[in-house]
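Chemist: Quick one, what's the 3D model for this:
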Amino acid sequence: MENNSYIFLDQMKGEWFLQENFYLLFDKQQKHYKERVSLLKNSPNSKFDICSFLIENMSSDKSLFKLEKINANVFTIVGVNRSKQIDYKEHVCLVNNNLMISFIIIKNLQKKKYLGVKASSYIKLIQ
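Modeler: From the prediction side, this is the model:
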C-alpha cells in the first residue's frame, strides 16, 4: 500500500485549478468555490518530502485521517472520529495526470442522517 500511496501522491504534486460544490442537506443550500491551489509542493531548496511525511503519518494513532484503500487511481480517506458522532469519507480519483475528482460524504452517526456532500474537480495547470 505504501508504494501505491507514494506514486498516487507524487502524481498529485503541482498547481491545480479547483472547483468545489458543497450541498448542505439540513438547510438545502448549495455553495460553489473556484480557486487555484498548490498541492503537495515542496520548495526547490527544501529537503522535506511531503509525500513521505503523509504516508508515514496519515494512518498513525495521532492522525485525524486514515487511508482506507488505495488502488491504481483511487484513494479513500476516512476521518477519524474520536467522539463517534460524525462519519467523514472522501474518495479521490486521479483520472489522468491533468484531471482529478473528489467526492466527500459527511454523516451524523447519532441521528443517522447525512449532513452534506461535496464534489470537487481539479484541473492541473501547465507550468
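Chemist: what residues are up against I86?
Modeler: Taking CB atoms under 8 Å, 6 or more residues apart in numbering as the definition of contact, the neighbours of I86 are G79, I106, K107, N108, L109, L115. Every C-beta, even on glycine, is put in place using the N, C-alpha and C of the backbone.
Chemist: I'd like the distance between it and S120.
Modeler: Per CB to CB, to the nearest Å, I86 is found 19 Å from S120.
Chemist: Repeat that for R36.
Modeler: Taking CB to CB as the criterion, R36 is separated from S120 by 13 Å.
Chemist: which one of the two has more residues nearby?
Modeler: More neighbours surround S120 than the other of R36 and S120, with 18 against 9 (other CB atoms under 10 Å).
Chemist: Quick check: closest non-adjacent residue to the more buried one.
Modeler: Taking CB to CB, 6 or more residues apart in numbering, and ignoring the residues beside it in sequence, S120 has S102 as its nearest neighbour in space, at 4.2 Å.
Chemist: before we move on, the earlier item: so for the contacts of I86, which is the shakiest by pLDDT?
Modeler: Lowest model confidence among the contacts of I86 falls on G79, which carries 81.
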